[in-house]
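J.: Have a look at this fold, sequence not included:
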């Protein structure tokens, strides 16, 4: 597992899923360039391979490869 640090410029590779540790809004950008916001509570998991976790993200998340 790896902590996710929100950044509009950091490109992620090899992420298979994301787990929410503390509730917040997770803002992900995919390969096509579209950003989507997910309101998550602690313990929720997303099976998603984003290219970026945007700076507007709140909460705490870890990624699994």
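T.: Cool, the structure landed. Quick caveat, the model's predicted, so the values are computed rather than measured.
J.: what bridges to the residue minimising distance to the centre of the chain?
T.: The residue lying closest to the centre of the chain (Cα atoms, centre = their mean) is residue 53, at 4.7 Å. Judged by DSSP bridges, the bridge partners of residue 53 are residue 28.
J.: again with residue 19
T.: residue 45, residue 62.
J.: which residues touch it?
T.: Residues in contact with residue 19 (Cβ atoms under 8 Å, 6 or more residues apart in numbering) are 1, 43, 44, 45, 61, 62, 63, 64. In this view, the C-beta of every residue, glycine as well, is placed from N, C-alpha and C.
J.: how close does it sit to residue 32?
T.: Relative to residue 32, residue 19 is positioned 24 Å away (Cβ to Cβ, to the nearest Å).
J.: Just give the number of residues close to residue 31.
T.: 9 (other Cβ atoms under 10 Å).
J.: excluding its backbone neighbours, what's nearest it?
T.: Of all residues not flanking residue 31 in the chain, residue 51 sits nearest, at 5.5 Å (Cβ to Cβ, 6 or more residues apart in numbering).
J.: ok, the one you found - how many residues close by?
T.: The burial count assigned to residue 51 is 15, neighbours taken as other Cβ under 10 Å.
J.: Could you pull up the contacting residues of it?
T.: Residues near residue 51 by Cβ under 8 Å, 6+ apart: 11, 12, 29, 30, 31.
J.: How about residue 22?
T.: Here residue 22 is in contact with 42, 59, 60 (criterion: Cβ under 8 Å, 6+ apart).
J.: how much space is there between the closest residue to it other than its chain neighbours and residue 37?
T.: Closest residue to residue 22 apart from its sequence neighbours, by Cβ to Cβ, 6+ apart: residue 60 at 4.3 Å. According to Cβ to Cβ, residue 60 stands 16 Å off from residue 37.
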